[in-house]
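Novice: please find the sequence and the predicted model below.
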Amino acid sequence: SSLTGAAAARGNGIGIGGKGSSGASAATRRVGITRGAGGATVSVVPAYKAASRLSNKRLLRNALSHVCLAGAAMAREKEAALAALDAVPPDAACIFVILFRENTLPLKFRALYALMLHHGGDGSKGGRLAKIHGVGAPATIELEAVACTMKYDSGTREFQQLRVT
């Protein structure tokens, strides 16, 4: 049987940086001056919020609840999968993948994985999927073993296959 993964979103946070003579550039800091009875006070306030790592955790929660593990018969399995998803700390993984049994409709849930990226000493990048919930599925999957990638459309509550070029 072929492995089919469904990844909803991939991305990294991008922050703004830079240093000037005061330790921060005008793009990253905003200076405010207020005048009161005791004189003027100067305060430096960050002009931006540092970007956080993007995660597809919320989208996968919806996919598990409304499509993959929907219904009263799957309530225990759904709760266990959601608890496993919530147990992963944000700094450990931010991209999650659902493994289906086959690439045919109806899609049948097999396992839930977290994408673990690693950088080789020679500058190469790679990754693997580490299982966080599921029975009868491999503990880890190399990215090269994924047969197709799908995205979850929360509006139609369907998975759609992505074309890979």
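Specialist: Thanks, I have it.
Novice: buried sites along the longest helix anywhere in the chain?
Specialist: Ranked by number of residues, the top helix in the chain under DSSP state H is helix 75-87. Within helix 75-87, the residues that count as buried by 16 or more other C-beta atoms under 10 Å are Glu77, Lys78, Ala81, Leu82, Ala84, Leu85. No exception for glycine: its C-beta is placed from N, CA and C like everyone else's.
Novice: can you find the helix or strand of the chain with the lowest average pLDDT?
Specialist: Within the chain, judged by mean pLDDT, DSSP states H and E, the helix or strand with the poorest mean is strand 4-7; its value is a mean of 44.
Novice: counting neighbours, what do you get for Arg163?
Specialist: By the other C-beta atoms under 10 Å criterion, the neighbourhood of Arg163 contains 6 residues.
Novice: same question for Leu105.
Specialist: For Leu105, using other C-beta under 10 Å, the count is 8.
Novice: separation between it and Leu64?
Specialist: In this view, Leu105 and Leu64 are 18 Å apart by C-beta to C-beta, to the nearest Å.
Novice: likewise Lys78?
Specialist: The gap separating Lys78 from Leu64 is 6 Å, by C-beta to C-beta.
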